[in-house]
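> with the sequence up front, the predicted model follows.
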Amino acid sequence: QVQLVESGGGLVQAGGSLTLSCTDSGRTLSKRTAGWFRQAPGKEREFVAGIRWSGGSTYYADSVKGRFTISRDNAKNTVYLQMNSLEPEDTAVYYCTARKSLYGSTYYFSEEDYWGKGTLVTVSS
């Protein structure tokens, strides 16, 4: 059973940094392409970043490119999202997701995949 758990959210001032973590109690995250999404109040959930199961490839939304870095430590079964130069517009609930298929290579995430319950990031101006 795959259960994704996010942590690391909180309140930060604009210009600050936070690092989110995502772990899997089933210990199979290391075999799955994973990603981060976010949902701001009143808005639809949007893609933020993705990383292949091997860690060899990453992909970012234009809005976070150059500020956010997705990475993973497969030995620790954890995916990270390092967020720098945070802006009030980054305020959202951040969700970790992992492809249902093992060793998948695409960044197309859907409701069929695994999702965490989210962690709130609030950026004050």
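Looks like it came in fine.

> what helix or strand is residue 22 on?
Assessed by DSSP states H and E, residue 22 sits inside strand 18-24.

> list the neighbouring strands of that strand plus their orientation.
For strand 18-24, the paired strands and their directions (DSSP bridges) are strand 4-7 (antiparallel), strand 78-83 (antiparallel).

> and it, what's buried?
18, 20, 21, 22, 23, 24 (16 or more other CB atoms under 10 Å). C-beta: built from backbone N, CA, C; applies to glycine.

> repeat for stretch 95-111
Neighbour count says stretch 95-111 has 95, 96, 97, 98, 99, 104, 107, 109 buried, by 16+ other CB under 10 Å.

> about what we covered before: make CSV from the buried residues of strand 18-24 and add distance to residue 76 and pLDDT to it.
Shown next, in CSV, are the buried residues of strand 18-24 (distance: CB to CB, whole Å; pLDDT from 0 to 100):
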residue, distance to residue 76, pLDDT
18, 19, 98
20, 14, 98
21, 9, 98
22, 11, 98
23, 8, 96
24, 11, 93
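
> the helix or strand just after the strand holding residue 22: how far from the chain's middle?
The first helix or strand that comes after strand 18-24 along the chain, using DSSP H and E, is strand 34-39. For strand 34-39, the gap between its own C-alpha mean and the chain's C-alpha mean amounts to 4 Å (CA atoms, centre = their mean, to the nearest Å).

> kindly report the same for stretch 57-77.
Per CA atoms, centre = their mean, the centroid offset for stretch 57-77 relative to its chain is 8 Å.

> and the end-to-end length of it?
End-to-end distance for stretch 57-77: 17 Å, by CA to CA, to the nearest Å.

> excluding its backbone neighbours, what's nearest the residue nearest the centre of the chain?
With distances taken as CA atoms, centre = their mean, residue 36 lies nearest the centre of the chain, 2.4 Å away. Computed as CB to CB, 6 or more residues apart in numbering, the closest residue to residue 36 that is not its neighbour in sequence is residue 48, at 4.3 Å.
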